[in-house]
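Novice: compute the structure for the input listed below.
(6 chains)
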Number of protein chains: 6
Amino acid sequence: MRIKVINPNTTASMTQTIVAAAKAAAAPGTEIVGATSPTGPVSIEGHYDEAVSVIGLLEEIRAGEREGCDGYVIACFGDPGLLAAREAARGPVLGIAEAAMHAASFVATGFSVVTTLGRTRIIAEHLVHAYGMERHCRRVRATELAVLELEDPASDARRKIVDECRRALDEDGSGAIVLGCGGMADLARDLTHELGVPVIDGVGVAVKFIEALAGLGINTSKRGDLAFPLPKPYTGMLAGMAFRSK
Amino acid sequence: MRIKVINPNTTASMTQTIVAAAKAAAAPGTEIVGATSPTGPVSIEGHYDEAVSVIGLLEEIRAGEREGCDGYVIACFGDPGLLAAREAARGPVLGIAEAAMHAASFVATGFSVVTTLGRTRIIAEHLVHAYGMERHCRRVRATELAVLELEDPASDARRKIVDECRRALDEDGSGAIVLGCGGMADLARDLTHELGVPVIDGVGVAVKFIEALAGLGINTSKRGDLAFPLPKPYTGMLAGMAFRSK
Amino acid sequence: MRIKVINPNTTASMTQTIVAAAKAAAAPGTEIVGATSPTGPVSIEGHYDEAVSVIGLLEEIRAGEREGCDGYVIACFGDPGLLAAREAARGPVLGIAEAAMHAASFVATGFSVVTTLGRTRIIAEHLVHAYGMERHCRRVRATELAVLELEDPASDARRKIVDECRRALDEDGSGAIVLGCGGMADLARDLTHELGVPVIDGVGVAVKFIEALAGLGINTSKRGDLAFPLPKPYTGMLAGMAFRSK
Amino acid sequence: MRIKVINPNTTASMTQTIVAAAKAAAAPGTEIVGATSPTGPVSIEGHYDEAVSVIGLLEEIRAGEREGCDGYVIACFGDPGLLAAREAARGPVLGIAEAAMHAASFVATGFSVVTTLGRTRIIAEHLVHAYGMERHCRRVRATELAVLELEDPASDARRKIVDECRRALDEDGSGAIVLGCGGMADLARDLTHELGVPVIDGVGVAVKFIEALAGLGINTSKRGDLAFPLPKPYTGMLAGMAFRSK
Amino acid sequence: MRIKVINPNTTASMTQTIVAAAKAAAAPGTEIVGATSPTGPVSIEGHYDEAVSVIGLLEEIRAGEREGCDGYVIACFGDPGLLAAREAARGPVLGIAEAAMHAASFVATGFSVVTTLGRTRIIAEHLVHAYGMERHCRRVRATELAVLELEDPASDARRKIVDECRRALDEDGSGAIVLGCGGMADLARDLTHELGVPVIDGVGVAVKFIEALAGLGINTSKRGDLAFPLPKPYTGMLAGMAFRSK
Amino acid sequence: MRIKVINPNTTASMTQTIVAAAKAAAAPGTEIVGATSPTGPVSIEGHYDEAVSVIGLLEEIRAGEREGCDGYVIACFGDPGLLAAREAARGPVLGIAEAAMHAASFVATGFSVVTTLGRTRIIAEHLVHAYGMERHCRRVRATELAVLELEDPASDARRKIVDECRRALDEDGSGAIVLGCGGMADLARDLTHELGVPVIDGVGVAVKFIEALAGLGINTSKRGDLAFPLPKPYTGMLAGMAFRSK
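Specialist: Residues are numbered from 1 along each chain as shown, chains lettered A, B, ... in the order given. This is a model prediction of the structure:
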C-alpha cells in the first residue's frame, strides 16, 4: 500500500518530522510517500495561509493519483482543502486534526487540543464543530508558539507544550491530549509516558486509519458531492488545475 | 464609497449579471467595482472548483486594498474564501449566501434555498450550519441546472427555478426563498412579484449590507484571527500571494 | 424612505439618544420617525417589563402602518415583540440585538455582548440562541448598571462599560463588542476608536439594514405565520388591539 | 393547595373545558381556581394574538398572588408570557405545552404534537427548542382547525384530530401524542384508549406537576432573572401593571 | 397507587434514606414500596458500576410488575437502565436525575448539579444532553465525596455539599440546585431554606411525577421501542431475565 | 497483537460470521480472539436485551485482560456497555456502530444506516447523537428483519437489505451505507461492488482501528472517568463482577 503524506506548507524540514512520524506508524507493507507543498506559505497560521496552501496540496493529490497512491494524509492541523482533496482522490483522504480528534474520542470521554498561535485556535474550533466533536473536545489551547519555532531548539517549545498539556489536564478535566500541529508529531509517544494520558499526534493516526480504510477497500465515495470534479475549463495561472473529461 | 464585487469564477458574462444587480442595489454615492477572477474555473460546482477559485478571489481582494475599496462582496453562493478574504481586507467582506440567508431570517421564520446542481447542495448546507441558520433554513433544493445553463436561453432555466420555488413554498412551509447562485441575481425582483413572497438574491443584499457596515465605520476586526496575515515567505508559483511586513 | 424607530420603554430622554443614533446612521433620503412607547415601564429590565412593553410597541407599529412607514426598528436590546411586530407590519422589522449580533458576525468570528443588569443577561442569551449566534457569541457580560443610570452623568456608566469591554477582549478572545442596550447607542463610534475593535450599536445597524431590505423591496413575508393577524374580536381594555377584516 | 388555571384568551366557554380537565386531574385537597383573561383576543392563533394575551394573563397572576394561590397553569399551548409570569409569582408556574412535552418525554422516546392552524406550528416548534425537546419531538402537525372550531360540533374537529393522530403514529414513528391546544383538553383520555398510545393534554399534567412542585416546597427561584420585577414607574394605560417597592 | 422506589445499589441503609424521602413526598393514597437491588455494587460511582447495577434494577422492575406496581422510581442519579426499565414496565418509570432536572427547569432558567465524585460527573453531563437540558444546566459540580461517605457523620459531607452549592450560586449564576445523588435526598428541604433557592432532590420529585402520570392514566408507551421486550431465549446465569411469550 | 472480538449475544453461529469478518480484516500479526457472550439474550433487539447483554460482555472484557488482549471490539451495532468496557480495559475498546459511523464520515459527507427491526432504530439514533454524527448521518433505516433472520437463507434477508440500501441512496442523498448489525458483517465487500458506494461493516473497521490505536500505543485513558473501576464489594449473583484493590 502506498500512502502519500502531504505537508501543505513549503518547509521541507517540517516534512521530515512528519514523514518520520508517518513511517514510524506505518505497517510493514506500507510505503510512505512524503511531499512538501510546491508552492505557498512556509507555515500555516491563519485562514489566509490555509486558503493559499490548498493549491499545492491539490497538486500533490493529483500527482499522487498518477503515482498510484492508495490514500492521503493532509499533515496540517487545520485540515486544509479536505473535501476538495477527497473530490480529487479515489482512495481515502484524512486530515490530521480529523484523525487525532476521532482517535481521542475512542479512548477518552473528553480531550483538549494544544496548538500553536492563538490566532489559529478558531480554525481548530471550527473543525471541532465540523467533525461533531463538540461534546468531546473540552477546550482548544494555544501555546503562542509560532509553527516554525517548533523546529528551533532555542524556542523552549517542548517545555511550553508540556506545561500547556498539564494545565489542560488540571483545568479541563480532559482524559487525553490532541497535539494541534503537524510539527509536534515527534512528541506524542514521549509525552504519553510523561503525562500518563494518551497524547495523540494526528500524523500517525491518520496513516493507520488510511491503512485501515484502504485495506478494507473503503474508498472515497464517488457518488454525490465527492465524485471527481466536473471537467471544465480553468483559465489563467491555475489553468493546469482543471479536470479533463476522460 | 467603493465596493468591489468579485465573481470568483472566470466567466465574464456572469460578472455582468452580477454587477448589474449590484449597481441596481447600490446607493447613489456608491461606486461598484466589478471583477472577474483572473484564474480558476469557469464555474464553481463543487469543493474542488471552490478551493481553486479562492486564489483569484484573494488576488482581487488584495488589489482592492490597493485601489482603496471600502468593502467586498464574494459573488458566489458557496462564499469561497470568506475568512481568508476578511484577513486580507480592512473593510467588511460579505458572501452572497451569508447575506441572503441573514436577510431571509429577518423577514421570515423559515426559508428554502433554491440552487443549481445537487452536488453543490452540501456546500450550502455546510454554510447553513456555519451561519447558525439551522432553525431558519428548512431545506436546500437543487434544480440540477449547471451554473452556465443559467446564461443559456435554451436551458429553460427560469421555468425550472420557478417550479422549484413553488415546490419549496408548498412542501417546506417556507415564507421566503433564497436564490442559491450568483447567476440568478437578475431574477429576484421578478420572482418576488410572481410568487408573492420575498425571493432574495444575495448580491443586492450584500452590497447594501456592506454599505451599511462601512457607512457606520464597522470594519473587519483586526484583533485576533482576522488580523492581517502574518508576513512570511511564500514560495513557488504563488510566491506573490505573501504578505510583507510593513 | 420612512423608518420608524420605536423605544419600547416610556422614557423620552432615552428615545432622544436612540433617535440621534438613528439619524446619524440614516441615508440622505431616509426619514427617521422616533417614537416613545405610550404605555408601560420606564425601563425594561426583565421578562415582566419586556412582556408589558410589547403593547405600546405594537400600538406604534400599527400607527406606523397608517403613517406609511417602510420599516421599523425595535430599539430595546431584548427585541421585545419581534415576531408579533412582524405580523403587524408590511415592511421589514428589526430588533437592535438581532441587527447588532448579525453585524458582529460579519466582521469577527467571535464577539461579546456588554449589557446592563445581570438579571437581563438571560434575555440576551435566549436571543443568541434564537438567532443562531451560539458559535459567534462568546459571552454576555453584565455591568450591573441599571438602564436609567446610562443617562446619569454621576453613574460613571461610561467607564464601567469600557472596563467591561476591555475584560471581554482580554478574557473572551472576542474580536468585536456588541453594546447591549439601546441607551448605549451614542457610545459605539467612540469606543470603536478607543478599543481598536468594532464596537457595535444595534440602533444604527438596524436602521441601515432596514434601508437595505426595504430599498431592495424585501418586505416581511406575508405567507405563513407572519401574515397579518387574523381578524377577530378582542375584548376588555385591549379591545382596540384587534385586527379587523378588510 | 390552590392552583389557578388561567385561560389567556377571553372565551369563557373554553375556560370551562379547561377547568373541567383541571378539576378531573386535581388531587382531593387541591382547589382549582379558573380564570378567563379579562382582556385580549378570543382565541390565540399567532404571535400577535399571543403577545397581546400576556397582559390579561399577568393580571390574573398578580390577582392570584393576592388571592393566595400556590401555583399557576397557563392554559394555552403557546405558553405565552411564561417567564414574565414566573417573575410575578412566588409559587411554580407551568405552561401546558411545557407540561405536556415533558410528560411525553417520560413515557416515549419520540412524540408528535397535533395542533390547530398551520400558522401556529412555528410557535410550538420554537417551544420544542426552548424546552430542549428537539430529540424527542418528531414533528408538529397542524389540523388546520381554528381554535374556536374545537367548540363547534359542526366542525368535525374530533375526527380531524383523530385522523391527524393516526398519521402521526404511522408516519413519524412516534410513541405518544401531545394535544396542541387547551381546547382539546377533554379529548386526552378517550383518545388514549382509542389509539392505544399515551395522548397527552397539558392541562391535566400541568395541574399535577404544580401539585408535585408546590407540595414539595419547590417554588419559583427568586434569585436572578425570576426574582420579582424591579419596582419602577409604569405609565399610560398599563400604569397599573407596575410593581411597587415594599 | 403503588409506587416502587428502587435503589440500584445494594446498600440497604441508603435505601432507608431514599424511602424516607419518597414517603415524605407521597400523597395520602400512595403506597411506597422500597427495594434494594439484590445484586451488584454497594455504590454506583462509574460507568462499570452502573452497567452492572442494571440487572438488579430490572429484576426489581419485573417483580414490581407481578406485585401490581403502578410506577417506578430509579433512585440513582445516573438513571441506570432507564429505557430498559421502561420496556419492562407497563406504568411510568422515572430516574431521579431526569425528574430533578426537569423540575429545576420549571422553576429556574439555569441550575447547577452538585454531585459526588468527579469521575461520575460525565454521567450527569451525558444525561443533561439526553434530556435536552444543555441550555438549563449551567454546570455539573463534584464534591469529591464518595457515595457512602454521605452516610458517614465523620465525613463532613453536609458542609462540603453546602459549600459547593454556594459556589454554584456565586460562580454559575444558577437559580436552583439539583442534588446529584440519591443519598442526598434528606437534604433538599433544609438546604432550600438555608440557601434561599430551590434545592431539588430527585427522589421526591420522581414520586410526585409518577403520581401525576399514573393518576392521569399516562403510562409508558407500548408502541415502538418501549413495547415489552420480545420473547426469546436467554442463556447462562441470566437465563431468568428472559421475557416469555404470553 | 491480540484483539478480542466479543459478540454480546449468545448465538455462536453469529459469532462465526463476525469472527470471519474480523479475521479477514486483521493484519498478518494480529490474533483475533472470538468470544460469544456466556449469558444473556440470543439476539439484541431493544433496550432491555441490550442492558442485560452488558454483563456477559464485561465478563469477556475482564477475561480478556487476564488473557493479555491488546484491544476489544464490541460486535453489536448498539455498542452496548461501551464506556463500562473502557473502564475495565487497559487497551482501546470500540463498538462496531462507532467504528462504522466514523469510517463513513471519512469517505462521504452523508451516510445512511440500514439496520434490522424498527424498534432498534432509536438505539442507532441515540448513538448518532452520542458520536456527534448528526450532520453526517442522513437517516437510520429499518428492514424489519429480525437479527436471527440474517442467518436464515429462507428469510430473503440479503435482498431486503440491498433494496433498503438502494432506497437510501435514492432518497437520502447519501454517499455511503453503514450496515447496522454485526450479523451483516459478511455483506460489506459484495455490496460495495454491487452498489458502487462504500458499504461499511463495523466489525472489520473496528478491528483495523484497534490495530491502529494499539499499534501506536494509544490506550484507553486511565485518568478520569475511564480509570479502572473503584474496588468495592459487589453482592448477590453478580458478586464476581467486583474489582478488587491491588
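
Novice: A:Ile55: which element?
Specialist: helix A:47-66 (DSSP states H and E).

Novice: what does A:Asp163 give?
Specialist: Assigned by DSSP H and E, A:Asp163 belongs to helix A:157-172.

Novice: what about the helices in chain A?
Specialist: A:12-25, A:47-66, A:82-88, A:96-107, A:121-130, A:157-172, A:188-195, A:202-215 (DSSP state H).

Novice: now render those helices as a markdown table, adding distance to chain D and mean pLDDT.
Specialist: Just so you know, the C-beta spots here come from the backbone N, C-alpha and C atoms, and that holds for glycine as well. Shown next, in a markdown table, are the helices of chain A (distance: least, CB to the nearest CB, whole Å; pLDDT from 0 to 100):
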| stretch | distance to chain D | mean pLDDT |
| --- | --- | --- |
| helix A:12-25 | 38 | 96 |
| helix A:47-66 | 31 | 98 |
| helix A:82-88 | 27 | 98 |
| helix A:96-107 | 20 | 98 |
| helix A:121-130 | 17 | 97 |
| helix A:157-172 | 25 | 95 |
| helix A:188-195 | 36 | 95 |
| helix A:202-215 | 29 | 98 |
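
Novice: now mean neighbour count and distance to B:Ala146 too, for the ones you listed, in JSON lines please.
Specialist: Below are the helices of chain A laid out as JSON lines (neighbours: other CB atoms under 10 Å in any protein chain shown; distance: least, CB to CB, whole Å):
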{"stretch": "helix A:12-25", "mean neighbour count": "20", "distance to B:Ala146": "39"}
{"stretch": "helix A:47-66", "mean neighbour count": "24", "distance to B:Ala146": "22"}
{"stretch": "helix A:82-88", "mean neighbour count": "25", "distance to B:Ala146": "17"}
{"stretch": "helix A:96-107", "mean neighbour count": "28", "distance to B:Ala146": "31"}
{"stretch": "helix A:121-130", "mean neighbour count": "21", "distance to B:Ala146": "27"}
{"stretch": "helix A:157-172", "mean neighbour count": "17", "distance to B:Ala146": "48"}
{"stretch": "helix A:188-195", "mean neighbour count": "17", "distance to B:Ala146": "46"}
{"stretch": "helix A:202-215", "mean neighbour count": "28", "distance to B:Ala146": "32"}
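
Novice: out of the ones you listed, which gets nearest to B:Val73?
Specialist: Across these, B:Val73 has its closest neighbour in helix A:47-66 (17.6 Å, CB to CB).

Novice: identify the residue nearest the geometric centre of chain A.
Specialist: The centroid of chain A falls nearest to A:Ile96 when counting by CA atoms, centre = their mean (2.6 Å).

Novice: so that residue touches A:Ala75, yeah?
Specialist: Yes: assessed by CB atoms under 8 Å, A:Ile96 is found in contact with A:Ala75 at 5.5 Å.

Novice: how about the contacts made by the residue nearest to the centre of chain A?
Specialist: A:Val73, A:Ile74, A:Ala75, A:Cys76, A:Phe77, A:Asp79, A:Gly182, A:Asp201, A:Gly202, A:Val203, A:Val205, A:Ala206 (CB atoms under 8 Å, 6 or more residues apart in numbering or on different chains).

Novice: can you give me the neighbour number for the first one?
Specialist: A:Val73 has 30 neighbours, counted by other CB atoms under 10 Å in any protein chain shown.
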